[in-house]
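Chemist: would you be able to build a 3D model of this:
(chains A and B)
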Amino acid sequence: MIELDEVAYSYGGGELLTDLSLRLAPGSFHFLTGPSGAGKTTFLKLCYGALVPTGGQVRLFNQDVRELDRDGIAYARRRIGVVHQDCQFLDHLPVAENISLPLAVSGQDRLAAQANLKELMSWVGLAHRAQALPPELSGGERQRAALARALILSPDVILADEPTGNVDWEMSQRLLKLLVELNKMGKTVMIATHDLSLIRAAKHHVQARVLRISGRKLQLAGADL
Amino acid sequence: MKINLAAVTDMLSFDAGADRVVPPTGFTARLTVFTAGAMAFLAVFALALSLASGRLAANWRDALAGSATLRISAPAAQMAAQTERALTILSETPGVAEARALEPDEQRALLEPWFGPDLPVESLPVPQLIEVRETASGYDGDGLRLRLQAELPGAVLDDHTRWRKPLVSAAGRLKLLGWLAIVLIFGTMGAMITLAANAALAANAQVIQVLRLVGATDTYIARAFVRRFTLRAATGAGAGVLAGLLAVVLLPGAGSEAGVLTGLRFQGGHWLLPLLVPLLAAVVAFAATRYAAMRVLGGLR
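Modeler: Got it, this is the predicted structure:
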């Protein structure tokens, strides 16, 4: 699905990440941890083609990102659901339209997908907020809306960047539960977080591999968590 | 240059979703509509000027080509004899189809704009004018002048070339300037729409980022901007053309004698030409916005 082979990424003359190798197998669950500024977001961006590695190779669904044109990257992203910490919505559109945005951009009939949309919004607990505008949502509602948007095209992979960064403990557990459920449905999940308690809580529900970015490199963690 | 029609229709195809993803921008929209309207208004005038100049040049060329005037200055007592002699010479000149001495009434009519009506032409030392029409092959002007100089020293042959050529040339250049103005107007419109589209794209960087995140292609993102600016330009240009046509209709008509200032109205089928302006404006807006959008999107991953 997503493979990184000795990947390096430099910016402005400085090397931010180096020698990263990883294969996200179908149905796997990964945590990516590390201190703030370690490069977790950069790593995720490399994983969905928003950044091109300066060294090594990133393959999205068996295609080298360097060989993909912008449309190719766009098509690959439809198979990768991304949840950002700041969610990134179109603030002038209601929540339901924001969630169904991937359907629109991929040319799918949104009317035909209405049932799926309603089901998905109920699943994330936002059925009653369909017509609200994103700025009217709470932090937790925004995260769940972002998750719903990431899932609407039924992607193979979910990449979540600090999805619990702006929510309370109870809501972070709820979000984690949703992500674990998705993994049990066969989705590949990677969560970047600096919140170790979230990782510890997840260990009771899912077999997760914990990776840590330290000293610009990716390390397998876990034993000390 | 090959035009990809599928890409053009795809870019203009109606997609309510694509239209809604970009928030409405009132100021940019009004600016684009106003610019297109003003440019279309000017384009109508440039078109009218160009067509009128073309007609004027053609009129002068056709009306005066093949004609000349022989002016005879002589004492009153000799005027009739010299006129008779001139007519004889002209009748013997190969290439002259017709030569006719103007009647006093005709000469009076020619002088009326300067001296007013009822001018006693017969009692004034006014030269006698002879209108000369040449055949298709024409006459030898230099040869005729030499003969007239020898036999009638007071006769001057004016074949109108002296003032006809610069006038026709000026009218032709005016026509070209009109077309150049139209090209510049559409070029300016394209430049202004490109700037407005760039501003809109910059203002919507967050929208573009979100669309990219959810897998939108460049065509999808550009479509929202291209369609919006194309419609705005066509709408503004439509209004501008209507205003321009109204202004042209209100201009005084030329009648049968088209002049620069009095013949600006369109004639016949030319009234339909301004209707092409909104279409051209839409094409310009489409190309300008697409160029701007693809350039901006090309710089983003």
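Chemist: spatially central residue in chain A, please.
Modeler: In chain A, the residue lying closest to the centroid (Cα atoms, centre = their mean) is residue A:159, at 1.9 Å.
Chemist: how about the contacts made by residue B:79?
Modeler: Residue B:79 makes contacts with B:72, B:128, as judged by Cβ atoms under 8 Å, 6 or more residues apart in numbering or on different chains. For the C-beta atoms, the positions are set from N, CA and C on the backbone; glycine is no exception.
Chemist: CA-only coordinates of the helix or strand where it lies in CSV, if you can.
Modeler: When secondary structure is defined using DSSP states H and E, the element that contains residue B:79 is helix B:76-92. Presented in CSV, the C-alpha positions along helix B:76-92 are these (Å, rounded to 0.1, in the frame of the first residue of the first chain):
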residue,chain,number,x,y,z
ALA,B,76,-13.9,86.7,-69.2
ALA,B,77,-13.8,87.4,-72.9
GLN,B,78,-11.6,84.4,-73.7
MET,B,79,-13.3,82.0,-71.2
ALA,B,80,-15.8,80.5,-73.7
ALA,B,81,-13.2,80.0,-76.4
GLN,B,82,-10.7,78.4,-74.1
THR,B,83,-13.3,76.1,-72.6
GLU,B,84,-14.3,75.0,-76.1
ARG,B,85,-10.7,74.4,-77.0
ALA,B,86,-10.1,72.4,-73.8
LEU,B,87,-13.2,70.2,-74.5
THR,B,88,-11.8,69.6,-78.0
ILE,B,89,-8.4,68.6,-76.7
LEU,B,90,-10.0,66.3,-74.1
SER,B,91,-12.2,64.7,-76.8
GLU,B,92,-9.1,63.9,-78.8
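Chemist: skip ahead from that helix and say which helix or strand is next.
Modeler: Next along the chain from helix B:76-92, counting by DSSP H and E, comes strand B:96-101.
Chemist: number of nearby residues for residue A:87?
Modeler: Using other Cβ atoms under 10 Å in any protein chain shown, residue A:87 has 21 other residues around it.
Chemist: now it: closest residue in space that isn't a chain neighbour?
Modeler: In this structure, residue A:87 finds its nearest non-sequential neighbour in residue A:146, 4.2 Å apart by Cβ to Cβ, 6 or more residues apart in numbering or on different chains.
Chemist: kindly report the same for residue A:83.
Modeler: By the measure of Cβ to Cβ, 6+ apart, the closest residue to residue A:83 outside its immediate chain neighbours is residue A:160, 4.2 Å from it.
Chemist: doesn't that neighbour lie inside a helix?
Modeler: No. Using DSSP: H, G, I helix; E, B strand; the rest coil, the secondary structure at residue A:160 is strand, not a helix.
Chemist: can you tell me how far the closest residue to chain A within the stretch 51-200 of chain B is from residue A:205?
Modeler: Scanning the stretch 51-200 of chain B for the residue nearest chain A gives residue B:200, at 14.1 Å (criterion: Cβ to the nearest Cβ). Residue B:200 is 46 Å from residue A:205, where distance means Cβ to Cβ, to the nearest Å.
Chemist: doesn't residue B:144 make contact with residue B:157?
Modeler: Yes. With contact taken as Cβ atoms under 8 Å, residue B:157 and residue B:144 are classed as touching, separated by 6.1 Å.
Chemist: hang on, the earlier thing: for burial, what's the neighbour tally of the residue nearest to residue A:87?
Modeler: One way to gauge burial is a neighbour count; for residue A:146, by other Cβ under 10 Å, it gives 29.
Chemist: what residues are up against it?
Modeler: When the contact criterion is Cβ under 8 Å, 6+ apart, the partners of residue A:146 are A:83-84, A:87-89, A:163.
Chemist: and stretch A:96-110, how far from the chain's centre?
Modeler: Centre-to-centre, stretch A:96-110 and its host chain are 18 Å apart (Cα atoms, centre = their mean, to the nearest Å).
Chemist: all strands of chain A, in order?
Modeler: In chain A, strands defined by DSSP state E lie at A:2-11, A:14-24, A:29-33, A:55-60, A:63-64, A:80-83, A:157-161, A:188-192, A:209-214, A:217-220, listed in chain order.
Chemist: quick one: neighbours of residue A:34, just the number.
Modeler: Using other Cβ under 10 Å, residue A:34 has 20 neighbouring residues.
Chemist: what of the one 5 residues further on?
Modeler: Counted with other Cβ under 10 Å, the burial measure for residue A:39 works out to 23 neighbours.
Chemist: which other residues reach the lowest-mean-pLDDT helix or strand in chain A?
Modeler: Averaged element by element with mean pLDDT, DSSP states H and E, chain A has its least confident helix or strand at strand A:217-220 (a mean of 81). By Cβ under 8 Å, 6+ apart, the list of residues contacting strand A:217-220 from outside reads A:17-22, A:43, A:209-213.
Chemist: biggest helix in the chain by residues?
Modeler: Since no chain was named, I'll use chain A. Ranked by number of residues, the top helix in chain A under DSSP state H is helix A:169-184.
Chemist: that's the other chain; I wanted chain B
Modeler: Counting by DSSP H, the longest helix found in chain B is helix B:161-203.
Chemist: okay, buried residues for whichever helix or strand comes after that one please.
Modeler: Helices and strands here follow DSSP H and E; after helix B:161-203, the next one along the chain is helix B:205-213. When burial is assessed from 16 or more other Cβ atoms under 10 Å in any protein chain shown, helix B:205-213 yields the following buried residues: B:207-208, B:210-213.
Chemist: and chain A, which of the residues you listed reach it?
Modeler: Checked against chain A using Cβ under 8 Å from any Cβ of the partner chain, the buried residues of helix B:205-213 give the following subset in range: B:207, B:210-213.
Chemist: tell me which helix or strand residue B:68 sits in.
Modeler: strand B:67-72.
Chemist: sorry, wrong one. I was asking about residue B:39.
Modeler: With DSSP H and E as the test, residue B:39 turns up in helix B:26-64.
Chemist: what's that helix packed up against?
Modeler: Counting contacts by 3 or more Cβ pairs under 8 Å, 6 or more residues apart in numbering or on different chains; DSSP states H and E, the secondary-structure elements packed against helix B:26-64 are helix B:161-203, helix B:218-249, helix B:276-298.
Chemist: what's around the nearest residue to residue B:199 once chain neighbours are set aside, how many residues?
Modeler: If the residues on either side of it in the chain are set aside, residue B:199 comes closest to residue B:28, at 6.2 Å by Cβ to Cβ, 6+ apart. Look at residue B:28: counted by other Cβ under 10 Å, it has 18 neighbours.
Chemist: residues in contact with residue B:28?
Modeler: Counting by Cβ under 8 Å, 6+ apart, the residues that residue B:28 touches are B:196, B:199-200, B:203.
Chemist: flag the least confident of the contacts of residue A:146.
Modeler: Taken together, the contacts of residue A:146 show their lowest pLDDT at residue A:87, with 78.
Chemist: how much space between that one and residue B:205?
Modeler: The gap separating residue A:87 from residue B:205 is 16 Å, by Cβ to Cβ.
Chemist: cool, and residue B:215?
Modeler: Distance of residue B:215 to residue B:205, computed by Cβ to Cβ: 18 Å.
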